[in-house]
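[1] pasting the sequence and the predicted model now:
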Amino acid sequence: MNILAVLSSFIFFFLISTNVLASGSSCVQCHTNEALMKSLHKPPVITAGEEGEG
Amino acid sequence: MYKGYVVDTALIAKDPHFRMGCRLCHKGDEKGQGKEGAHKGLVKRPSDSLKTCGMCHKKIADNYSKSLHYTTAGQRNGVMPRFSKEELKTFDAKVFEQSCRSCHASCGDCHVKAPAVGGISIGLIQKHKFVKKDEGKTCAFCHGGRVYPEYTGEYGGSPDVHYQKGMTCMECHKKAEFHGDGTAYATKQDVKDRPSCRNCHKLGQEAKLTAKISHQRHQGKVSCYGCHTATAYRQCQDCHLGKGAAAKPALVLGLNPRDKKTLTTLRLIPTVRETFVKDGIKMENFDALPNYWDSPVHNIRKRTDRTRSCDSCHVEKAGFLDVDTMIKGGSKANQGLIVNPKPIHR
């Protein structure tokens, strides 16, 4: 049990220290690709009467 | 703007915020196919829940949960005296939670992604960098109708002298004002350590004798803004009448409704008699509060018409609220703000 806990902690801190979780994701693959973002982007629809007046 | 969705690759390697992966905050499905699949269950604004940032920044998140930028309690408490008990219940259910509260700022609005105003946002402030501050892309968006363009001069008047000297919002408005100090204040007037001109400009340390005398004579009678607001500033003349917003410029001087003794700059506030009629609220006590509120204007100059000549106020009475210039059909309490400056005996 103790060995498992130690091993889990080791893996957790390894992942944190190397940013493995973020850098390997599909989120990162798309959101760091400017050309892809440009091709997917849809401009928002502007609704009248919602000017910022704060 | 698509650039507002692009994340900086270099950040991912060095910023600890990314170490646990995107899903920790944004959920979604990293293995999903295409945009729709990957975005299934996506949380666009993770910091709308303070628990997200609170996982690591607990003290700040706890304090922020009571901060006025988060609770927006100032809006509710500002208008509350106009309502009967029953109307207040309706307001809380139909208006405050649905409308006013939707304007609260999340942690991300200031530190990650510029807030959306009217559905428009420039997106990520610096490619998902967790920035300490970037007033031009954060404060300026929510406060971009009046305060920020007055400050920068984009509104058409003179820029504020502090802006010209290179000062940005947080030179005066300190971090604790935004994050909160753990106290749930009812209004911004109650907040401790608010910005004050006198934090830097001490009385008696004026370079010129005329300034020293003028400050002594008007101390406790006129606010700093009263003399040092440079030009007309925005008034919510036709705002919130169901036709969109249409602000007009004007300088309005009158008694501060909070103390009824200090002359200061007043701003027409957006609540008119009909504002909540569509929600079934007539505002039974509408006349309990005026339509004008003391306003810390952000177009300060050392020299203005009022500092150059005593006649501006004491003879011409330029900008002074009176019956003729007052909003038509407004609150009866407006009358109590009229000041008639005494003539000077030379």
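    Received the coordinates, thanks. Numbers count the residues shown, from 1 in each chain, chains lettered A, B, ... in the order given.
[2] on the pLDDT front, check residue 4 for me.
    Chain wasn't specified; assuming chain A. The per-residue pLDDT reported for residue A:4 equals 61.
[3] try again with chain B
    94.
[4] my guess is it contacts residue B:120. True?
    No. Using Cβ atoms under 8 Å, residue B:4 is not in contact with residue B:120, being 10.5 Å away. C-beta here means a position set from N, CA and C on the backbone, and glycine is covered the same way.
[5] so what's the residue count around residue A:36?
    16 (other Cβ atoms under 10 Å in any protein chain shown).
[6] in three-state terms, label it for me.
    helix (DSSP: H, G, I helix; E, B strand; the rest coil).
[7] leaving out chain neighbours, which residue sits closest to it?
    The shortest distance from residue A:36 to any non-neighbouring residue, by Cβ to Cβ, 6 or more residues apart in numbering or on different chains, is to residue A:30 (5.7 Å).
[8] quickly find the element holding that neighbour.
    helix A:26-31 (DSSP states H and E).
[9] what residues does that helix touch?
    A:22, A:36-37, B:5-7, B:9, B:12, B:22-23, B:26, B:28, B:30-32, B:35, B:38, B:128 (Cβ atoms under 8 Å, 6 or more residues apart in numbering or on different chains).
[10] now stretch B:188-203
    Residues outside stretch B:188-203 that contact it (Cβ under 8 Å, 6+ apart) are B:68, B:74, B:172-174, B:176-177, B:181, B:183, B:185, B:215-216, B:219, B:224, B:258, B:296.
[11] among these, who's most crowded?
    Of all the contacts of stretch B:188-203, residue B:68 has the most neighbours under the rule other Cβ under 10 Å, reaching 22 neighbours.
[12] now do the contacts for the closest residue to that residue other than its chain neighbours.
    Counting by Cβ to Cβ, 6+ apart, residue B:74 is the residue found nearest to residue B:68 once chain neighbours are left out, at 5.2 Å. By Cβ under 8 Å, 6+ apart, the contact set of residue B:74 is B:68, B:185-188.
[13] what does residue B:327 give?
    Residue B:327 sits in contact with B:237, B:268, B:272, B:291, B:334, where contact means Cβ under 8 Å, 6+ apart.
[14] and what of residue B:290?
    With Cβ under 8 Å, 6+ apart, residue B:290 has these contacts: B:257, B:330-331, B:333-334, B:336-337.
[15] and with 6 Å instead?
    B:257, B:331, B:333-334, B:337 (Cβ atoms under 6 Å, 6 or more residues apart in numbering or on different chains).
[16] from these, which land in strands?
    With strands defined by DSSP state E, no entry of the contacts of residue B:290 lies inside them.
[17] among those residues, the buried ones, what's the PyMOL command?
    A single PyMOL command selects the buried members of the contacts of residue B:290 (16 or more other Cβ atoms under 10 Å in any protein chain shown):
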select buried, chain B and resi 257+331+334+337
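[18] now distance to chain A too, for the contacts of residue B:290, in CSV please.
    Compiled in CSV, the contacts of residue B:290 are given as follows (distance: Cβ to the nearest Cβ, whole Å):
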residue, distance to chain A
B:257, 20
B:331, 20
B:333, 23
B:334, 21
B:337, 22
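[19] wait, which of the contacts of residue B:290 is closest to residue B:303?
    Of all those, residue B:303 sits closest to residue B:337, with 26.5 Å by Cβ to Cβ.
[20] might one say that the closest one is in contact with residue B:254?
    Yes. The pair residue B:337 / residue B:254 is scored as a contact, 3.9 Å apart, by Cβ atoms under 6 Å.
[21] ok so, going back, of the contacts of helix A:26-31, buried ones?
    A:22, A:36-37, B:5-7, B:12, B:22-23, B:26, B:28, B:30, B:32, B:38, B:128.
[22] I'd like the distance between the residue nearest the centre of chain B and residue B:109.
    In chain B, the centroid-proximal residue (Cα atoms, centre = their mean) is residue B:143; its distance is 5.6 Å. Plainly put, residue B:143 is 12 Å away from residue B:109 if you go by Cβ to Cβ, to the nearest Å.
[23] ditto for residue A:39
    27 Å.
[24] those two: who's more crowded?
    In this view residue A:39 and residue B:109 are compared by other Cβ under 10 Å, and residue B:109 has more residues nearby, 22 against 9.
[25] before we move on, back to that, what do residue B:337 and residue B:254 both touch?
    residue B:321.
[26] ok so, going back, give me the subset of the contacts of residue B:74 lying in helices.
    residue B:68 (DSSP state H).
[27] export the contacts of residue B:74 to a markdown table and tack on distance to residue B:148 and pLDDT?
    Converted to a markdown table, these look like this (distance: Cβ to Cβ, whole Å; pLDDT from 0 to 100):
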| residue | distance to residue B:148 | pLDDT |
| --- | --- | --- |
| B:68 | 18 | 95 |
| B:185 | 23 | 96 |
| B:186 | 25 | 96 |
| B:187 | 21 | 94 |
| B:188 | 17 | 93 |
